[in-house]
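K.L.:
Output the structure for:
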Amino acid sequence: MGPLGLPVELWEVLACPADDRGRVEADLASGQIVCVECGRRYDIRDGVPVMLIEEATLPHG
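P.N.:
Below you'll find the predicted structure:
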């Protein structure tokens, strides 16, 4: 099992849909998936990443 309780195989294919498939990483403190490029934050609900642009939280600033 990988970060945030998601399978390692899933982390290998997860990408930000808003940033031309930008690289994402786990934010262990918030329990969210974060795009390294644009900073959008995606929730995980019931063990499923919600990688929808309209559901993402935009970075502050």
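K.L.:
any idea which residue sits dead centre in the protein?
P.N.:
residue 33 (2.5 Å; Cα atoms, centre = their mean).
K.L.:
show me the contacts for the closest residue to residue 37 other than its chain neighbours.
P.N.:
Leaving aside its chain neighbours, residue 37 sits nearest to residue 22 (3.7 Å; criterion: Cβ to Cβ, 6 or more residues apart in numbering). C-beta coordinates here come from the backbone N, C-alpha and C atoms, glycine included. By Cβ atoms under 8 Å, 6 or more residues apart in numbering, the contact list for residue 22 reads 15-16, 35-38.
K.L.:
Is residue 22 bridged to anything, and to what?
P.N.:
residue 16 (DSSP bridges).
K.L.:
Likewise for the one 10 residues further on?
P.N.:
Each beta-bridge partner of residue 32 is listed here: residue 27, as defined by DSSP bridges.
K.L.:
Okay, it and residue 8: tell me how far apart.
P.N.:
18 Å (Cβ to Cβ, to the nearest Å).
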